[in-house]
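Visitor: When you get a sec, could you give me coordinates for this:
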Amino acid sequence: MRNIAHTPSYRLCLLLLFCSLFLFSKTASWPFAAWRRISDKPVISPQGDGWRSAGTFNPAVILHDGKFVMLYRAQDKHGTSRLGYAESSDGVHFTSRPEPVLSPETDYEKNGGVEDPRLVRMGDTYYLTYTGYNKKEAQLCLASSRDLIHWDRKGVILPAYRGHWNVGWTKSGAIVPEKIDGKYWMYFLGTSADKTDQMGLAYSTNLIHWDEATNAPVLPRRPGQFDSRVVEPGPPPILTPQGIVLLYNAADDKLVYRTAVAVFDRKDPRKVISRSDKPIFVPEKKWEKAGQVPNVVFVEGMVRQGNRYLFYYGAADKYVGVAESPAIP
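Guide: As a prediction, this is how the structure comes out:
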């Protein structure tokens, strides 16, 4: 009798089974499934010839009083950025306020602006991390608010050119929404000595004063892969029993931006459990491939509503798009 265990078809079946189990084990801790765009057009686009005429992109989104509230980066024709405010009842159709809610005022913001917001709620207070840019350096800053309209600046929380490994600018603060081991934790972007942008980790006891938690990037770039040039945190991560699930924005050597996922240990935010082998979301639409910066999808906003997640992203540094995914129990 022929031993089926030694046949090529049997070995192929075993290989496919192993690969599927391996893939499942890496994605089982993700609380969402595959993404799909729920609007063929941008949900926010440039308007007029004033403060939001050149680009409206890179949004933070959060639920507030039953509505979707978006803070988005708006750029004028001189390149100065401000934060616009928009509301929606369904997460797709937004109405914007006619004036920005945060404009450059301080020395670390003037002439360049306030950029790339992330939002997290702690108790009854909203905390906004954003990039302050004065055309000399970009630095990670913090502000707080009770109503998402009036903001109290807390200043620069991670200065440029300092740190254990960062030798350049600081950006992109994704704060873990709960304390771990008695501390607040935040994933951020820094520039390493080889001039690539990689992900760091900082901790704080009061959300104002932050210290780096590692001596090297917590999520380094991977040469030759889709995240070879930039590894940048997206929205505040999702806490699950299996780990800290963080969406990140990845760029290759050609600066094509795609979305990926990393999972960190629930008890130790420094420890990487798994990481995407391939991106989960890529530029496809014409308005994602052509704009101020071509071939960019850059997720910064995420909301869970019932049994679905909504993901908000900047497209080509000009527009805001939205995708959704079923929530996995």
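Visitor: check contacts around residue 223.
Guide: For residue 223, no residue meets the contact criterion (Cβ atoms under 8 Å, 6 or more residues apart in numbering). The way it works is simple: take the backbone N, C-alpha and C, and place the C-beta from them, glycine included.
Visitor: for residue 286, that is, sorry about that
Guide: No residues are in contact with residue 286 under the rule Cβ under 8 Å, 6+ apart.
Visitor: swap in residue 258?
Guide: If a contact means Cβ under 8 Å, 6+ apart, then residue 258 has 226, 249-251, 279, 281-283, 297 as its contacts.
Visitor: For the residues you listed, which ChimeraX command selects only the ones that are buried?
Guide: Here is the ChimeraX command that selects only those of the contacts of residue 258 that count as buried (16 or more other Cβ atoms under 10 Å):
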select :226,249,250,251,279,281,283,297
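Visitor: So which of the contacts of residue 258 are in strands?
Guide: Mapping the contacts of residue 258 onto strands (DSSP state E) picks out 249-251, 297.
Visitor: any idea which of the residues you listed is closest to residue 322?
Guide: Each of those was checked against residue 322 using Cβ to Cβ; the closest is residue 297, at 11.2 Å.
Visitor: quick one on the thing from earlier: what would the contacts of residue 258 look like in JSON lines with distance to residue 68 and pLDDT?
Guide: Supplementary listing: the contacts of residue 258 in JSON lines, determined by distance: Cβ to Cβ, whole Å; pLDDT from 0 to 100:
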{"residue": "226", "distance to residue 68": "30", "pLDDT": "98"}
{"residue": "249", "distance to residue 68": "21", "pLDDT": "98"}
{"residue": "250", "distance to residue 68": "26", "pLDDT": "98"}
{"residue": "251", "distance to residue 68": "28", "pLDDT": "98"}
{"residue": "279", "distance to residue 68": "25", "pLDDT": "98"}
{"residue": "281", "distance to residue 68": "20", "pLDDT": "98"}
{"residue": "282", "distance to residue 68": "24", "pLDDT": "98"}
{"residue": "283", "distance to residue 68": "24", "pLDDT": "98"}
{"residue": "297", "distance to residue 68": "19", "pLDDT": "98"}
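Visitor: Among the contacts of residue 258, give me the pair with the biggest separation.
Guide: The most widely separated members of the contacts of residue 258 are 251 and 281, with 13.4 Å between them, by Cβ to Cβ.
Visitor: ok, back up a step: can you list the contacts of residue 258 in CSV and add distance to residue 179?
Guide: Formatted as CSV, those follow (distance: Cβ to Cβ, whole Å):
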residue, distance to residue 179
226, 33
249, 25
250, 28
251, 31
279, 31
281, 30
282, 35
283, 36
297, 31
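Visitor: Now flag whichever of the contacts of residue 258 is closest to residue 157.
Guide: The shortest gap between residue 157 and any of the contacts of residue 258 belongs to residue 249, at 20.2 Å (Cβ to Cβ).
Visitor: If we ignore the residues flanking it in sequence, what's nearest that closest one?
Guide: Of all residues beyond its chain neighbours, the one nearest residue 249 is residue 232 (4.5 Å), with distances taken as Cβ to Cβ, 6 or more residues apart in numbering.
Visitor: shouldn't the one you found be in contact with residue 247?
Guide: No: the pair residue 232 and residue 247 does not pass the contact test of Cβ atoms under 8 Å, sitting 10.2 Å apart.
Visitor: Name the residues contacting each of these two.
Guide: Both residue 232 and residue 247 lack any common contacting residue under the criterion Cβ under 8 Å, 6+ apart.
Visitor: Who are the contact partners of the spatially most central residue of the chain?
Guide: Residue closest to the average C-alpha location in the chain (Cα atoms, centre = their mean): residue 234, at 1.1 Å. Applying Cβ under 8 Å, 6+ apart to residue 234 gives the contacts 174, 246-249, 259, 298-300, 302.
Visitor: of those, closest to residue 45?
Guide: Of all the contacts of residue 234, the one with the least separation from residue 45 (Cβ to Cβ) is residue 298, at 15.8 Å.
Visitor: which ones are touching that closest one?
Guide: With contacts defined as Cβ under 8 Å, 6+ apart, the neighbours of residue 298 are 57-58, 234, 249, 257, 313-315, 317.
Visitor: Any figure for the gap between it and residue 66?
Guide: When Cβ to Cβ, to the nearest Å is applied, the distance between residue 298 and residue 66 equals 27 Å.
Visitor: do residue 210 as well
Guide: Counting by Cβ to Cβ - residue 210 and residue 66 are separated by 32 Å.
Visitor: Show me which of these two is the more surrounded one.
Guide: Neighbours were tallied for residue 210 and for residue 66 using other Cβ atoms under 10 Å; the higher tally belongs to residue 210 (21 against 6).
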